[in-house]
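Undergrad: Need coordinates for the following:
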Amino acid sequence: MAATSKLYARLGVPSNISPALVTSPVLSPLGLACARILLALYALTTSIVVLVHDTQGSKDASGFFSYFTDLSYIGLISYLCASAVQTLVYALRRNGSFPLQRWPRLLQFLHILLYSTVTTFPIIVTVVFWALLSSPSTFATTFSGWSNISQHAMNTLFALFEILLTNVRPAPWAHVVFLEVFLVCYLGVAYITKATDGFYTYSFLDPHTEHGLLAAYIAGIGIGGALVFAAVKGLVTLRVRFFQKRGRAGADWEVQCEWEADRLGQDEEGKEGDAWEEGERPGEGSAVV
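TA: Take a look at the predicted model:
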């Protein structure tokens, strides 16, 4: 049990979830809940409208869930909806609690890991789209202009809202491993789509046209993902310190997790030492006559 608690603490899940997830240094809990609800509704409406648009005429939406843009946008919607509910409950209750605090630690970890994805992947999507994929057709019509701005620019604004205007603490470095695994898994999705539907979701994933550059693109996105995560972690740390100096933020959650993991590790060592003391020491067994 202690080993499991230590692992969760290292993954950013302390035994007592603080209200940092549902509070803001500049907004009241109710204001934060309303802001998250509005952002969630806008993102959800955008995703539905784009999906419906893709089914018009001779088009179909069979590849909707094959694009990293759409998958990361769905993750953003999921987090905004979930965090909005948690924040609204916290704002309406008078006992300072919210449902996530009573959930199993696995679900708490998944919620916190989801935060890491929605503050990292949207930025990757924005950078890759405007650097590699945008073209004159990006703003060819009013709809394409609106949808591209919503999914490839405002997604980063939503991420920055969570990074800069909430009390959520920096994610532990262990989360970068999960993010890299998710990126690798997406490559599987992209090439499965090619095998089943006959098209590449992104042109730079085509080995027949990119040749040796394909490996560079894949490695670059992987390295970029780690760099974006590190930059987000740095921004969140600066935000926490900035508002702590002004008395608008609580104790550092990351420090709490580190302290709890270290304490549990020391407790385990202490138990092993006690067991050693209780047993026979080398050379102290019964004498052989």
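
Undergrad: Show the residue spans covered by the helices in the protein.
TA: 2-10, 29-54, 68-92, 105-118, 121-128, 142-152, 154-164, 175-197, 207-210, 213-245, 253-278 (DSSP state H).

Undergrad: Check which helices and strands the shortest one sits against.
TA: Packing contacts for helix 207-210, counted by 3 or more CB pairs under 8 Å, 6 or more residues apart in numbering; DSSP states H and E, involve no helix or strand. For the C-beta atoms, the positions are set from N, CA and C on the backbone; glycine is no exception.

Undergrad: now the fourth one
TA: Counting contacts by 3+ CB pairs under 8 Å, 6+ apart, the secondary-structure elements packed against helix 105-118 are helix 2-10, helix 68-92, helix 154-164, helix 175-197.

Undergrad: Buried ones in the last one, by neighbour count?
TA: Along helix 175-197, the positions that meet the burial threshold by neighbour count (16 or more other CB atoms under 10 Å) are 175-176, 179-180, 182-183, 186, 190, 193.

Undergrad: And for the longest one?
TA: Of the residues in helix 68-92, those with enough neighbours to count as buried (16+ other CB under 10 Å) are 68-73, 75-91.

Undergrad: pLDDT wise, what is the residue lying closest to Arg105 once chain neighbours are set aside at?
TA: Using CB to CB, 6 or more residues apart in numbering and skipping residues adjacent in sequence, the residue nearest Arg105 is Tyr8, 5.0 Å away. Tyr8 is assigned a predicted lDDT (pLDDT) of 89.

Undergrad: can you check His208 too?
TA: Reported pLDDT for His208: 86.

Undergrad: again, but for Cys185
TA: 94.

Undergrad: I'd like the distance between it and Ile124.
TA: As for Cys185, its distance to Ile124 is 14 Å (criterion: CB to CB, to the nearest Å).

Undergrad: One more: Ser135?
TA: Taking CB to CB as the measure, Ser135 falls 19 Å from Ile124.
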